[in-house]
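**Q** Pasting the sequence and the predicted model now:
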Amino acid sequence: MKHLNTCLLCCFVLVAASSAARAADRILVASLKPSKAALYVSGSDGSSEHALLPPGTFDYNPSWSPKGDWIAFTSERNGSADLYRVRPDGKGLEQLTTDPAYDDQAAFSPDEKQIVFVSTRAAGFANLWVLDVFTQKARALTSGRGGDFRPAWSPDGKWIAFSSDRDSGLPDAKGRWERLHIAGIFIVHPDGSGLKRLTPKDGNFCGSPKWSADSKSLVVYCMIGQDTWDNRVGQDRTDDTLQKIDVANGAVSAVAAPSGTKEAPTLLPSGETGFLRRDKAQPGVSYARGGHGPGGADVRTPSWSPDGKRVVYGRFTTERNPEPKRLWSRNPKFELYTTEFLPAVDAAHGRIATSSPVNGKFNLYVIETGKPAHSILERPDLIIAPQWSADGRQIAAGVGLFSSFLDFSRGNKKPVDPVNGGAQVALINDDGSGFRLLTSGANNNAFPSFAPDGRRIVYRTLGPEGQGLRIMTLADHAITKLTSEWDNFPLWSPRGDSIVFVRRNAAGDFQIFTIHPDGSGLTQLTRTHGNDAHLAWSPDGERLLFATSRMGFKDEALYTDAPQPYGEIFTMRADGSEVQQLTDDQWEEGGPAWLPETKK
């Protein structure tokens, strides 16, 4: 807990100090990415492991070149995700791309003169591009709003194979709101012609194609669609299969391999198949015939040398960092900083409220400049989405079991449960005194927000007693029904004349609306396929922040360890105009909060 407090306090102090000389838009955001990402090289059996590059950078997704003289990889060492290459001995480091867009998942052509990679440089979606290594000029290979991932160039140079969710409707996981990652295997000529789907459009997943030496077949990993959620979050992981696909006729045959959750298969010169196991039983690099390579739950995306004798791979570390970190922002007009999940800012005093699990319990923290961060509430169940009163004297939050948040697999085992384990809206003074529940009953009541005058709160309710948004008068606990749809994340505008919220429509999409506190003036602000959520007002009530899945997946979902590895932070005017993207990466960002302007 001490490290957490130090981290949050230092983050807050840094944010305040960095803008002392000028006014700026400063955003707090939770970024569900590893705290460290480093590349290692070892023998194929895991022997003689050593770091490929000096520590201190953020590097991932390595790819060995066909001749064995280069390793391409992705790095965020200079801000956005860019492509680099380096010799296998760690020498000759060279940056290959400098575009502010997200560039990732590189694969060499057979002559090593070109690299095919994933980029968002066209309209923000993950498409394939081809880079001339000598001139460093890139051209688009694929296009569209669907994502294309994990390209692989055939040894004869005639085809590029890749996975894609271009035909997916992004359906919900069973009993939940997160999206399944439905993807299939495609091939295309390097000039963009001959696009062809090899796997059936059946609502399931196949990914990470790798070629056989004769360019006639591919090996992939496949699972049912629901398992792209179950296997993503690390609980109740299921077996998947390795399959061989004949490129000429699409015939599929099973590749014999041990049980477990398998990723990133590769056909090696010896006839062996190497892959990454992600289940708890045997995490790390494994082989179909029973051998093992570098091990550990932190191993990611192995790539073998052409002779199969060595392997390069990433290791991810996720831990609370006591030092604050500035995040790269796609939009230079905004400064982004990491923080805890769903924070709130006390505009009157500049304090932060956030909740976090510590030693099996949840704590509600208050962080202010110059003082140690301290917990004002500890509970065995969840504390979520705190919000300050305008005068900074009180905090409202949801408390309770919220079972689907605490146990990601619960919804899969039990169909949709509106009660969701039970939750209520609570109120507490900023010094930790006066805790009391404001709501009761069988419904799940949560996500409260104060009116600027502090006399009312708006919150969402869901369950057997109805659904929608409710307004409570704090003096007498009188409740007024504001809406009766599947609505969530309500936030009262600092001006008091509008409440913004998220509504789930019949198609399963989450869209942003505003409504006046008297129930009039319902206005839809966003119209996209996917999830818009996690809202925040600017202190002047002129603009909104939100997290969204509108840009789709940036990589195959299982590789990032995030429940929703497609959340980007956007901002827009309060009327829905002037939409701007702030983040652009493969990690999940959410829970933004707007810091008040620092006075000079």
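**A** Sure, I can see it.
**Q** ok, which stretches of the stretch 301-450 of the chain are helices?
**A** 403-406, 410-413 (DSSP state H, counting those that start in this stretch).
**Q** which of those has the lowest average pLDDT?
**A** Lowest mean pLDDT within the helices of the stretch 301-450 of the chain: helix 410-413, a mean of 58.
**Q** Wait, P34 touches T318, no?
**A** Yes: using CB atoms under 8 Å, P34 is in contact with T318, at 5.1 Å. C-beta here means a position set from N, CA and C on the backbone, and glycine is covered the same way.
**Q** anything in contact with each of the two?
**A** D561 (CB atoms under 8 Å, 6 or more residues apart in numbering).
**Q** which stretches of this structure have low pLDDT?
**A** 1-24, 234-235, 320-324, 370, 403-421, 597-600 (pLDDT under 70).
**Q** Flag every buried residue along stretch 561-579.
**A** Buried residues in stretch 561-579, counting neighbours by 16 or more other CB atoms under 10 Å, are found at 561-572, 574, 576, 579.
**Q** what about P34 and T318, which has more around it?
**A** P34 (20 against 13; other CB atoms under 10 Å).
**Q** For beta bridges, what are the partners of the residue nearest to the more buried one when sequence neighbours are not counted?
**A** Spatial nearest neighbour of P34, excluding adjacent residues (CB to CB, 6 or more residues apart in numbering): F316 at 4.0 Å. F316 has these beta-bridge partners by DSSP bridges: A37.
**Q** show me what contacts F316?
**A** F316 touches 34, 36-37, 60, 298, 300, 561, counting by CB under 8 Å, 6+ apart.
**Q** For those, which entry has the maximal number of neighbours?
**A** Highest neighbour count within those: Y60, with 25 neighbours (other CB under 10 Å).
**Q** for F435, phi and psi?
**A** Phi and psi for F435, reported as degrees, to the nearest 10, are phi -60, psi 130.
**Q** Quick one: residues contacting it.
**A** Here F435 is in contact with 377, 426-428 (criterion: CB under 8 Å, 6+ apart).
**Q** of the buried residues of stretch 561-579, closest to I115?
**A** I115 lies nearest to P565 out of these, by CB to CB, at 23.3 Å.
**Q** Now do the helices in the chain.
**A** Ranges of helices in the chain, per DSSP state H, are 2-18, 227-230, 403-406, 410-413.
**Q** distance of G552 from A257?
**A** Using CB to CB, to the nearest Å, one gets 30 Å for the distance from G552 to A257.
**Q** What number of residues are in the vicinity of the nearest residue in space to I471 that is not next to it in sequence?
**A** Distances taken as CB to CB, 6+ apart put T480 closest to I471, at 4.6 Å, once the chain neighbours are dropped. With neighbours defined by other CB under 10 Å, the count for T480 comes to 14.
**Q** ditto for K333
**A** Count around K333 with other CB under 10 Å applied: 10.
**Q** Contacts only, for the closest residue to it other than its chain neighbours.
**A** Nearest non-adjacent residue to K333, counting by CB to CB, 6+ apart: D25, 6.2 Å away. Applying CB under 8 Å, 6+ apart to D25 gives the contacts 333-335, 538, 594.
**Q** ok, those vs L128, which is closest?
**A** Using CB to CB, F334 comes nearest to L128 of the contacts of D25, at 29.0 Å.
**Q** Do I have it right that the closest one meets T571?
**A** Yes: look at F334 against T571 with CB under 8 Å: they come within range, at 7.3 Å.
**Q** Can you pull the residues that touch both of these two?
**A** Contacts common to F334 and T571, judged by CB under 8 Å, 6+ apart, are L582.
**Q** Hmm, M551 is touching N127, no?
**A** No: counting by CB under 8 Å, N127 is not a contact partner of M551; they are 11.4 Å apart.
**Q** Mind listing the shared neighbours of these two?
**A** T120.
**Q** out of the contacts of D25, which are buried?
**A** 334-335, 538, 594.
**Q** now, which of these sits nearest A30?
**A** W594 (14.1 Å).
**Q** Leaving out chain neighbours, which residue sits closest to D82?
**A** D82 sits nearest to T97 (CB to CB, 6+ apart), 4.7 Å away.
**Q** Next up, the contacts around that neighbour.
**A** Counted by CB under 8 Å, 6+ apart, T97 has contacts 82-83, 103, 117, 119, 131, 136, 138.
**Q** Report back the residue of this structure that's furthest from centre.
**A** In the chain, D476 marks the outermost C-alpha relative to the chain mean, sitting 41.3 Å out by CA atoms, centre = their mean.
**Q** correct me, but S484 touches E465?
**A** No: using CB under 8 Å, S484 makes no contact with E465, being 11.4 Å away.
**Q** quick one: common contacting residues for those two?
**A** With CB under 8 Å, 6+ apart, S484 and E465 have no common neighbours.
**Q** beta partners for N363?
**A** What pairs with N363, by the bridge criterion (DSSP bridges), is S356, E378.
**Q** correct me, but it touches L377?
**A** Yes: using CB under 8 Å, N363 is in contact with L377, at 6.9 Å.
**Q** Report the set of residues contacting both of these two.
**A** In contact with both N363 and L377: I383, using CB under 8 Å, 6+ apart.
**Q** What about the closest residue to D167 other than its chain neighbours, how many residues nearby?
**A** Excluding its sequence neighbours, the residue lying closest to D167 (CB to CB, 6+ apart) is K201, at 5.5 Å. Neighbour count of K201, defined by other CB under 10 Å: 10.
**Q** how close does I395 sit to Y365?
**A** Counting by CB to CB, the gap from I395 to Y365 is 10 Å.
**Q** what does S549 give?
**A** According to CB to CB, S549 and Y365 sit 28 Å apart.
**Q** now L276
**A** 37 Å.
**Q** ok, now A81?
**A** On the measure of CB to CB, A81 and Y365 end up 31 Å apart.
**Q** Looking at these two, which is more packed in?
**A** A81 (29 against 24).
**Q** Quick one: residues contacting the more buried one.
**A** Per CB under 8 Å, 6+ apart, neighbours of A81: 74-75, 102-104, 585-586.
**Q** wait, what's in contact with the residue lying closest to it once chain neighbours are set aside?
**A** Excluding its sequence neighbours, the residue lying closest to A81 (CB to CB, 6+ apart) is Y102, at 4.8 Å. Contacts for Y102 were tallied using CB under 8 Å, 6+ apart; they are 80-81, 118-120, 126, 554, 584-586.
**Q** could the residues you listed go into JSON lines alongside distance to K325?
**A** Output for these, formatted as JSON lines (distance: CB to CB, whole Å):
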{"residue": "S80", "distance to K325": "15"}
{"residue": "A81", "distance to K325": "16"}
{"residue": "V118", "distance to K325": "24"}
{"residue": "S119", "distance to K325": "24"}
{"residue": "T120", "distance to K325": "22"}
{"residue": "A126", "distance to K325": "25"}
{"residue": "K554", "distance to K325": "20"}
{"residue": "D584", "distance to K325": "17"}
{"residue": "D585", "distance to K325": "14"}
{"residue": "Q586", "distance to K325": "17"}
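**Q** Which of the residues you listed fall in strands?
**A** 118-119 (DSSP state E).
**Q** ok, so of the contacts of Y102, who is nearest E263?
**A** Nearest to E263 among the contacts of Y102, with distances taken as CB to CB, is Q586, at 15.0 Å.
**Q** How much space separates the closest one from V500?
**A** On the measure of CB to CB, Q586 and V500 end up 28 Å apart.
**Q** on that earlier part again, which pair in the contacts of A81 spans the largest distance?
**A** S75 and Q586 (13.1 Å).
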